[in-house]
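Trainee: Here you go, sequence then predicted model.
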Amino acid sequence: METSRMKTRWNYIGLGLLTLVIAANIFSAYFRTLSELGPVLYAFETRNAEFEYVVNPAGGQDVAMMEQEFEKFLSHHPQTEDRELYRTFEIKPWQFWNWYHFLTSDLYGYPFKGQNPLK
């Protein structure tokens, strides 16, 4: 009898956590805005930081605009060997309210470049 109640309790806890994760991801834009201290900005750069760009989705600077600017940069600097963009921001899996954003946003499709300690 006691194990049946414990199973039921764990089922409710699991269902509550699942509901929280789903609801948080539905309203993730609000959570993301509330969890950051300022505007949400996403920085990208090449390996040697010859090209740097900050995406501000709220300000109209999106990934497509960054790609256009990078193509312009490459056309003006054809000698550069650094022809790949990297994101400089990490995916933080403990921020469960952003899981949907991590999986669906093209911001996270770029390889991660950790911060260079010599910079």
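Mentor: Everything's here; your move.

Trainee: Flag every buried residue along stretch 53-72.
Mentor: Using 16 or more other CB atoms under 10 Å as the test for burial, stretch 53-72 gives 53, 55, 61, 63, 66, 70. The C-beta positions use only the backbone N, C-alpha and C, and glycine is treated the same way.

Trainee: got it, and stretch 81-93?
Mentor: Of the residues in stretch 81-93, 85, 86, 87, 88, 89 count as buried by neighbour count, 16+ other CB under 10 Å.

Trainee: looking at the protein, which helix or strand does the model trust least?
Mentor: helix 28-35 (a mean of 65; mean pLDDT, DSSP states H and E).

Trainee: and the next element down the chain from it?
Mentor: strand 42-46 (DSSP states H and E).

Trainee: got the contact list for that following strand?
Mentor: 51-57, 66, 80, 82-89, 107, 110, 113 (CB atoms under 8 Å, 6 or more residues apart in numbering).

Trainee: Could I have the CA atoms of that strand written out in CSV?
Mentor: Provided in CSV are the C-alpha atoms of strand 42-46 (Å, rounded to 0.1, in the frame of the first residue of the first chain):
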residue,chain,number,x,y,z
TYR,A,42,24.7,37.0,-29.5
ALA,A,43,28.3,37.5,-30.5
PHE,A,44,29.9,35.8,-33.5
GLU,A,45,33.5,36.0,-34.9
THR,A,46,36.0,34.2,-37.0
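
Trainee: Against which helices or strands is the longest helix along the chain packed?
Mentor: Using DSSP state H, we find that the single longest helix of the chain is helix 2-26. Applying 3 or more CB pairs under 8 Å, 6 or more residues apart in numbering; DSSP states H and E, we find helix 2-26 packed against helix 99-104.

Trainee: I'm done for today, thanks for sticking with me.
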